[in-house]
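In: What shape does this take:
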Amino acid sequence: MTVDIQKRDDIKFCSKDHLILHYGKFFTEYAGFKTKIGVKKQCFMNATDLMLRHDLIYCEGYASCRDIPFPIEHAWCIDIKGKIIDNTWDNEEGNLYLGIPFSKTFVAKRMVLTQEYGIFGSSVRDFVYNGFLPDELWSGHQCVPLI
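Out: Model (predicted):
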């Protein structure tokens, strides 16, 4: 199925969702990495802290779980094999993740620049207009657009 989306020439993506579908991928397998559960409803902070303490990759996008049966904005980490480590949600059964894996350097730079956790935050418009540079994404990520 092809979707014809009308858009302006100066904007690379139609929305944040379009951006995530272009750069993101689905994650379904857990790493089995046991970590202390962080502060509830603070996934961006929890995932950033986990990335900085361990050699992990920060991901941001959408996820759904048994307790929340619809996709919500979420952040988690993956290992180098692309397996999930989520230190915000304590249940693993039936969760589905769709997100973009970012480079550790980019995540740290964004946090210093914006003084907030998370990649999109108040800068989502910039990314919708321009997309991401290759060095902003995790080097092990193969970008295969989902749409």
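In: quick one: the strands in this protein?
Out: 25-27, 57-64, 72-78, 84-85, 96-102 (DSSP state E).
In: Report the contact partners of S103.
Out: 135-139 (C-beta atoms under 8 Å, 6 or more residues apart in numbering). In this view, the C-beta of every residue, glycine as well, is placed from N, C-alpha and C.
In: What's the separation between it and P69?
Out: The gap separating S103 from P69 is 32 Å, by C-beta to C-beta, to the nearest Å.
In: Next one: the spatially most central residue of the chain, what pLDDT does it get?
Out: The residue lying closest to the centre of the chain (C-alpha atoms, centre = their mean) is E60, at 1.5 Å. Reported pLDDT at E60 in the predicted model: 98.
In: Pull out the buried residues from the helix or strand of the chain with the lowest mean pLDDT.
Out: In the chain, no helix or strand scores lower on mean pLDDT, DSSP states H and E than helix 124-130, which sits at a mean of 91. The neighbour-count check on helix 124-130 (16 or more other C-beta atoms under 10 Å) flags 127-128 as buried.
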